[in-house]
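Trainee: quick one: sequence plus predicted model below, questions after.
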Number of protein chains: 2
Amino acid sequence: MNAITIDDVREAARRLKGHIHRTPVITSRSFDKASGHRVFFKCENLQRAGAFKIRGALNKLLSLTDEERRRGVVGFSSGNHAQGVALAAKLTGASAIILMPTDAPASKLAATRGYGAEVVFYDRQTEDREARAKDLVAKTGRILVPPYDDPAIMAGQGTAALELLEEVPDLDALLTPMGGGGLMAGCSTVATALRPTVKIYGVEADTANDTYLSFRKGERVSIAPPPTIADGIRNLSPGVLTFPINKQNVTDVLLVSDKEIEEAVRFLLLRAKILVEPTGAVPAAALLAGKLPMPKSSRVGVVLSGGNIDPALLADILSRS
Amino acid sequence: MNAITIDDVREAARRLKGHIHRTPVITSRSFDKASGHRVFFKCENLQRAGAFKIRGALNKLLSLTDEERRRGVVGFSSGNHAQGVALAAKLTGASAIILMPTDAPASKLAATRGYGAEVVFYDRQTEDREARAKDLVAKTGRILVPPYDDPAIMAGQGTAALELLEEVPDLDALLTPMGGGGLMAGCSTVATALRPTVKIYGVEADTANDTYLSFRKGERVSIAPPPTIADGIRNLSPGVLTFPINKQNVTDVLLVSDKEIEEAVRFLLLRAKILVEPTGAVPAAALLAGKLPMPKSSRVGVVLSGGNIDPALLADILSRS
């Protein structure tokens, strides 16, 4: 029995309506030509706060009782989830504390604070952020908003696939980046319910292959901290709740190199004219590298998960072209 | 009596339908907050060949007789018009010769040839490209597809505003970049017909202020070759056909600096996540710099005219942030 169903995602969609963007689905002739498929990009890089994360975070906040919301929330993330929780808290009038590593990029720190959240730092080398977060929760009575292992988070992320399939119902395949697995758990729940014939692929950086290895072993595997440029999928193991859902729904996991990821960032930027961060470009990288094991001209839905990237890193990626 | 009417633009829209993208109109909360207005971006950077130019070029090609199309066409441009004519010729089965300067960027040269056009070079310092083009036309019997001074070109470009006003009818203002004036002639013809109360502003780089000066003098003024980064509006004077139309329709011309243009490119890229070339970002620069002389929270339509930019230049612009 899975932790979420399509009905949970539909309820999340009703809750989120009007608070977040219904992001556009775009196509690119040059990308189709280069990949050999007919690709539909769900542009979560154009979502509020620049990533899909607001979907899950706001669904979680809106699922709390008034009393719980008054206690405030705690989130931990060096990336898009931090901004998602901060914005969700602002939109619902809750106070938020976000645990961020001392070396978090200044732009993400500023954005998180810009939404009114209080930032508390932890040392990435010496401290366990999850333990710190749980300690904060215990001491303050606040509610934890985890990045993926939570039914409300997974259901919220699934609304991205719900919108995509409403617009393009006849997909042959659906690809998302595979990090902790929350985006995929929600999206794969939707896709298997609405389009039972669809093939579903998660894509990981080849050094961040925890779900790939876990699929092969049939159980959750942990890896050492991976060095990939795709900083949104550097988790060390699949989630406790997300893994069984993804194991059941997902056809397979594909792997791409950092070089392929950078090439996809450049292609999407210079040819399709949209800014996608390395993590968000991971599934596009698999398509451009010819790694999707499906017939040519398949109709492929791709979640471009986010667009938040440090300008200096983007300049670097452009100079390497 | 103007060279074009709203009916010419409507006919162009019928001709173009299905051959080019109906580009999305997007909004950005962060841009609205920064500019103080409610801004609707018509994303011609997502148009085929990366700019609005295909609208005019294809309308021109589709307006020719079969016999004329068989004779082939000639275009001259170092920029987006070259690719627009090349793609329009390809789509209509016509042969195209494009005159390009010897120092044209390799990427634009490759793109133009990629659409099957033959490229003929001229020396920007010593040769008059318009005279070269007319000479080619006289010798070969081909049809000239000028960049702006042509009723079919102007009517084609106007379809961008037609689509924008169909989607957002209640605009208080419309802004486009002001180069030779073809985009503005078409768009202002549409806007004055459909929304008589709308204020219409062309925006130029402050060193490429030929239309600004011409408006003040009441007649076409020529300037020295301007150094602006906005390479699509480096023309030396307004067009013969476009100027009287724009003089009649356009409220005024606004001026922005190259620094303000670069800031707008960065803002649109890093905050709104879309790639707009410097020329395309010129009206957004005016808004961010607070130069629109209208009440706060006005509803402003902006044509983002193109997204073709050299990766090295983009990396430079990012490093300057």
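Mentor: That came in fine, so what should we check first?
Trainee: in this structure A:Leu292 contacts A:Val302, no?
Mentor: No: counting by C-beta atoms under 8 Å, A:Val302 is not a contact partner of A:Leu292; they are 10.1 Å apart. Quick note: C-beta positions are derived from backbone N, CA and C, even for glycine.
Trainee: what packs against the longest helix along chain A?
Mentor: Counting by DSSP state H, the longest helix found in chain A is helix A:151-167. Helices and strands touching helix A:151-167, by 3 or more C-beta pairs under 8 Å, 6 or more residues apart in numbering or on different chains; DSSP states H and E, are helix A:6-16, strand A:25-26, strand A:38-43, helix A:53-63, helix A:182-194, strand A:299-304.
Trainee: what angle do the fourth one and helix A:151-167 make?
Mentor: Going back to what we said before, that points to helix A:53-63. Angle of helix A:53-63 versus helix A:151-167, following axes from the mean of the first three to the mean of the last three C-alpha atoms, to 10 degrees, is 120 degrees.
Trainee: same question for the longest one.
Mentor: Between helix A:182-194 and helix A:151-167, the angle formed by their directions is 50 degrees, by the same axes, to 10 degrees.
Trainee: nearest to A:Asp231, of the helices and strands packed on helix A:151-167?
Mentor: Proximity to A:Asp231 (C-beta to C-beta) singles out helix A:53-63 among the helices and strands packed on helix A:151-167, at 13.4 Å.
Trainee: off-centre distance for that closest one?
Mentor: Relative to the mean C-alpha coordinate of its chain, helix A:53-63 is positioned 13 Å out (C-alpha atoms, centre = their mean, to the nearest Å).
Trainee: joint contacts of A:Leu292 and A:Val302?
Mentor: Shared contacts of A:Leu292 and A:Val302 (C-beta atoms under 8 Å, 6 or more residues apart in numbering or on different chains): A:Leu175.
Trainee: so those two - more neighbours on which side?
Mentor: Per other C-beta atoms under 10 Å in any protein chain shown, whichever of A:Leu292 and A:Val302 has more neighbours is A:Val302, with 30 against 24.
Trainee: for that one, give me its contacts.
Mentor: A:39-42, A:174-176, A:283-284, A:287.
Trainee: can I get these in JSON lines with neighbour count, pLDDT and distance to B:Gly116?
Mentor: Converted to JSON lines, the contacts of A:Val302 look like this (neighbours: other C-beta atoms under 10 Å in any protein chain shown; pLDDT from 0 to 100; distance: C-beta to C-beta, whole Å):
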{"residue": "A:Val39", "neighbour count": "25", "pLDDT": "98", "distance to B:Gly116": "24"}
{"residue": "A:Phe40", "neighbour count": "20", "pLDDT": "98", "distance to B:Gly116": "28"}
{"residue": "A:Phe41", "neighbour count": "26", "pLDDT": "98", "distance to B:Gly116": "27"}
{"residue": "A:Lys42", "neighbour count": "27", "pLDDT": "98", "distance to B:Gly116": "33"}
{"residue": "A:Leu174", "neighbour count": "32", "pLDDT": "98", "distance to B:Gly116": "35"}
{"residue": "A:Leu175", "neighbour count": "25", "pLDDT": "98", "distance to B:Gly116": "33"}
{"residue": "A:Thr176", "neighbour count": "32", "pLDDT": "98", "distance to B:Gly116": "37"}
{"residue": "A:Pro283", "neighbour count": "30", "pLDDT": "98", "distance to B:Gly116": "32"}
{"residue": "A:Ala284", "neighbour count": "31", "pLDDT": "98", "distance to B:Gly116": "27"}
{"residue": "A:Leu287", "neighbour count": "27", "pLDDT": "98", "distance to B:Gly116": "26"}
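Trainee: need the residues you listed in JSON lines (columns: distance to B:Glu204).
Mentor: Below are those laid out as JSON lines (distance: C-beta to C-beta, whole Å):
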{"residue": "A:Val39", "distance to B:Glu204": "38"}
{"residue": "A:Phe40", "distance to B:Glu204": "38"}
{"residue": "A:Phe41", "distance to B:Glu204": "34"}
{"residue": "A:Lys42", "distance to B:Glu204": "37"}
{"residue": "A:Leu174", "distance to B:Glu204": "46"}
{"residue": "A:Leu175", "distance to B:Glu204": "44"}
{"residue": "A:Thr176", "distance to B:Glu204": "44"}
{"residue": "A:Pro283", "distance to B:Glu204": "41"}
{"residue": "A:Ala284", "distance to B:Glu204": "37"}
{"residue": "A:Leu287", "distance to B:Glu204": "41"}
